[in-house]
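Enquirer: coordinates for the following, if possible.
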Amino acid sequence: MKPHGPIPPGFAADEDGMLLIGGDRAEALVDAAGDTPLFVYDSAMLTARVAEWRAAMPREVHLHYAMKANPYAPLLAFMARWVDGLDVASGGELKAALASGMVAEHISFAGPGKRDRELEAAIGAGATLNLESAGEAERALAIGARLGVTPRLAVRVNPDFDLKGSGMKMGGGAKPFGIDAAEVPALVRRLIDAGADWRGFHIFAGSQALDASAIADTQAQTVALAARLANQIGAVPPLVNLGGGMGVPYFPGDRAVDVAAVGAALGATLAARDPMLADSRFAMELGRWLVAEAGVYLTRIVDRKVSHGETFLVTDGGLHHQLAASGNFGTVIRRNYPIALASDFGSEPVETVSVVGCLCTPLDRLGDQVALPRADVGDLIAIFQAGAYGASASPAAFLGQGPAREMLV
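Expert: Model (predicted):
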C-alpha cells in the first residue's frame, strides 16, 4: 500500500456516505452535469481562500489571480469580483480576462514569445505588458507608436536568486523568463525616454513552495532587488509584483503553507523597505494556492479487475483530464494525489487498489496501490486538489476522449 496526499479540510459526507461538495451530493452534481468525468469547483472555498489571504497579508499588498491555474470562464468571472487584478500569459487568456469583467488596467500579461498581434491586443486594450526581453520591448514601443497609444509596460526581472524548495524555479541563472537584473536599469530608462507608461517590475522567483520561511526570504530579496534597481534607474516603480510561490499540499507528508507567517514577514519587510519604494504599490500573484483545493475531479468506475493479484479500478477519466494527478506534469517520482471513494467517503479502507483511467497507456494511473473502502462498478472516485492545472493543463484530445465537464457550485 502506498499513501496518498492529504484531503483538504472542509469536505464531509452525508448520512449515506456520499461526498458533499459545496453542500451538494457528488452524485447529484454528476446528474446535473449529465455525466462523468466532471470537475466541480466550490465557490465558498474560493472566497474563503481569498479571505484567508487578506487577513494574513499587509493591507498595502494587492492580490492578483494568475488565471493559468484555472481559466474556466464561470470561475474566472467569479474570481474577478474578489481579487485586485488578473495575470494572463497569452492572447487567449487576455481575451478571457477582459470578458470576465476585470478592467484592462488591472490585467497584466507575462510570458515569453508574445506575438505581435498579442502585444497589439494588450496595448490597444490598455493592459500592462510584462516585458520578457529587450527585443519584446522594442516591438511593443513600435506597436504603440503605430497605434498612437502610450503602452503600459512593466519589466519582468530575472533575479539572481531562486525560491528555495520551490517545485518550479522561475528565476536565477539562465532562464527564458524575464530580463537579467543587470540589464534592467538601461532598459527601463529606454522605456521612460521613449515615452512609455512604465508600470514597474514583475519579479517571480519560483512556485509551489510550502516553506513559509523560504517564501519570506525570497520576498525580502525581491523587495531589496526592486529597491536597488529603482535607485539605479532613478525612478519609483509604480508597482512591484512579488510573484507568487505559495504551494498546496499534494503528496504524503506535505503540509500547508503557514500563510500568517508569510504575511507577518512580508509586513516587516515592507515596513523596513528602502525609501525609494515608499510610494510603490505591491502585489502577490497567486494561482494554484487560490483555486486548487476548491476543485474535485469526479470519475466513475466502469470496471473492476484483478491481474496477478493486484486489483484495478478502471474509470472513465484519466490523465487526459488530470495529467498532474497521474504524475506526468513536472514530477520526477510519481506520488499519489489526495484520492477517495466519493460514494463511501470517510469510511475506513478495506482493500488496496490501483485506480487507472481509460487510456491505452500505462501512464494513465490516478492512484497507485492506495487503500480505499470496497469499490465497485458505478461508484465515484474523487481526486482532490483538482482546481488548478487540471482540465486546461491536460491533453483532453488524447485518444479522442474529449474534455471533461466543469461546474462551479
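
Enquirer: by mean pLDDT, point me to the weakest helix or strand of the chain.
Expert: strand 168-169 (a mean of 47; mean pLDDT, DSSP states H and E).

Enquirer: for whichever helix or strand comes after that one, the distance to its chain's centre please.
Expert: Counting by DSSP states H and E, the next helix or strand C-terminal to strand 168-169 is strand 179-180. Its chain's C-alpha centre and that of strand 179-180 lie 23 Å apart, by CA atoms, centre = their mean, to the nearest Å.

Enquirer: quick check: next helix or strand after strand 179-180?
Expert: Next element after strand 179-180 (DSSP H and E): helix 184-193.

Enquirer: give the pairing partners of the helix or strand following that following helix; include direction for each.
Expert: Note on helix 184-193: by DSSP H and E, the next helix or strand toward the C-terminus is strand 197-203. Using DSSP bridges, the strands paired with strand 197-203 in its sheet are strand 152-158 (parallel), strand 239-241 (parallel).

Enquirer: rebuild those as TSV, extending it with mean pLDDT.
Expert: Converted to TSV, the strands paired with strand 197-203 look like this (pLDDT from 0 to 100):
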stretch	mean pLDDT
strand 152-158	96
strand 239-241	98
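
Enquirer: so which of those gets nearest A212?
Expert: The closest of the strands paired with strand 197-203 to A212 is strand 239-241. By CB to CB, the value is 19.9 Å. Backbone N, C-alpha and C define where each C-beta goes, glycine included.

Enquirer: report the buried residues of the helix or strand that the closest one is followed by.
Expert: Using DSSP H and E, the next helix or strand after strand 239-241 towards the C-terminus is helix 259-271. Of the residues in helix 259-271, those buried under the neighbour-count criterion (16 or more other CB atoms under 10 Å) are V259, V262, G263, A264, A265, L266, G267, T269, L270.

Enquirer: these two touch, right, the second one and T218?
Expert: In this case it means V262. No. Taking contacts as CB atoms under 8 Å, V262 lies outside contact range of T218: 10.2 Å.

Enquirer: tell me the pLDDT of G206.
Expert: Per-residue pLDDT puts G206 at 74.

Enquirer: and for the one 5 residues further on?
Expert: Reading off the per-residue confidence, D211 sits at a pLDDT of 93.

Enquirer: so which residues of the stretch 1-150 of the chain form helices?
Expert: For the stretch 1-150 of the chain, applying DSSP state H, counting those that start in this stretch gives helices covering 26-33, 43-56, 73-80, 91-99, 116-125, 134-147.

Enquirer: quick one: which of these is nearest C360?
Expert: helix 26-33 (24.9 Å).

Enquirer: contact partners for A340?
Expert: Neighbour list for A340: I7, L19, L372, I381, A382, F384 [criterion: CB atoms under 8 Å, 6 or more residues apart in numbering].

Enquirer: no no, A216
Expert: A261, V262, A265, L266, T269.

Enquirer: now the helix or strand hosting it: buried residues?
Expert: Element membership for A216 (DSSP H and E) is helix 212-233. Buried residues in helix 212-233, defined by neighbour count with 16+ other CB under 10 Å: 212, 214-227, 229-230, 232-233.

Enquirer: residue ranges in this structure under the pLDDT threshold?
Expert: 162-177 (pLDDT under 70).

Enquirer: domains in it, as residue ranges please.
Expert: 12-41+293-408, 71-286 (automatic domain parsing).

Enquirer: in CSV, list these along with distance to R54.
Expert: Converted to CSV, these look like this (distance: least, CB to CB, whole Å):
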stretch, distance to R54
domain 12-41+293-408, 16
domain 71-286, 9
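
Enquirer: which of those domains sits closest to P3?
Expert: Per CB to CB, nearest to P3 of those: domain 71-286, 4.0 Å.

Enquirer: how long is the closest one from one end to the other?
Expert: Counting by CA to CA, to the nearest Å, you get 13 Å between the two ends of domain 71-286.

Enquirer: of the strands paired with strand 197-203, which is nearest D87?
Expert: Of the strands paired with strand 197-203, nearest to D87 by CB to CB is strand 239-241, at 7.9 Å.

Enquirer: what about A32, neighbour count?
Expert: Neighbour count of A32, defined by other CB atoms under 10 Å: 13.

Enquirer: go on, A12?
Expert: 11.

Enquirer: what sits against it?
Expert: L19, L20, F345, G346.

Enquirer: rerun that using 7 Å as the cut-off
Expert: Neighbouring residues of A12 by CB atoms under 7 Å, 6 or more residues apart in numbering: L20.

Enquirer: in contact with R117, which residues?
Expert: Taking CB under 7 Å, 6+ apart, we find R117 in contact with G91.

Enquirer: measure it to P252 for me?
Expert: From R117 across to P252, the span is 45 Å (CB to CB, to the nearest Å).

Enquirer: do R288 as well
Expert: For R288, the distance to P252 - CB to CB - is 19 Å.

Enquirer: between those two, point out the one with more neighbours.
Expert: Here R288 and P252 are compared on neighbour count by other CB under 10 Å; more neighbours surround R288, at 24 against 13.

Enquirer: contact partners for the nearest residue to the more buried one once chain neighbours are set aside?
Expert: Nearest residue to R288 in three dimensions, chain neighbours excluded: A388, at 4.1 Å (CB to CB, 6 or more residues apart in numbering). A388 sits next to A69, N70, G287, R288, V291, A292, G295 when contact means CB under 7 Å, 6+ apart.

Enquirer: who's V155 bridged to?
Expert: L131, F201.

Enquirer: do I have it right that it meets I179?
Expert: Yes. Here V155 reaches I179: they are 6.0 Å apart, a contact under CB atoms under 7 Å.

Enquirer: overlap in contacts of the two?
Expert: With CB under 7 Å, 6+ apart, V155 and I179 have common neighbours L187.

Enquirer: neighbour count for these two, which is higher?
Expert: Using other CB under 10 Å, the more surrounded residue of V155 and I179 is V155, with 28 against 21.

Enquirer: from P252, how far out is the spatially closest residue to M57 that is not a sequence neighbour?
Expert: Of all residues not flanking M57 in the chain, G263 sits nearest, at 4.4 Å (CB to CB, 6+ apart). Note on G263: its distance to P252, by CB to CB, is 27 Å.

Enquirer: what do you get for A77?
Expert: 35 Å.

Enquirer: how about L290?
Expert: 23 Å.
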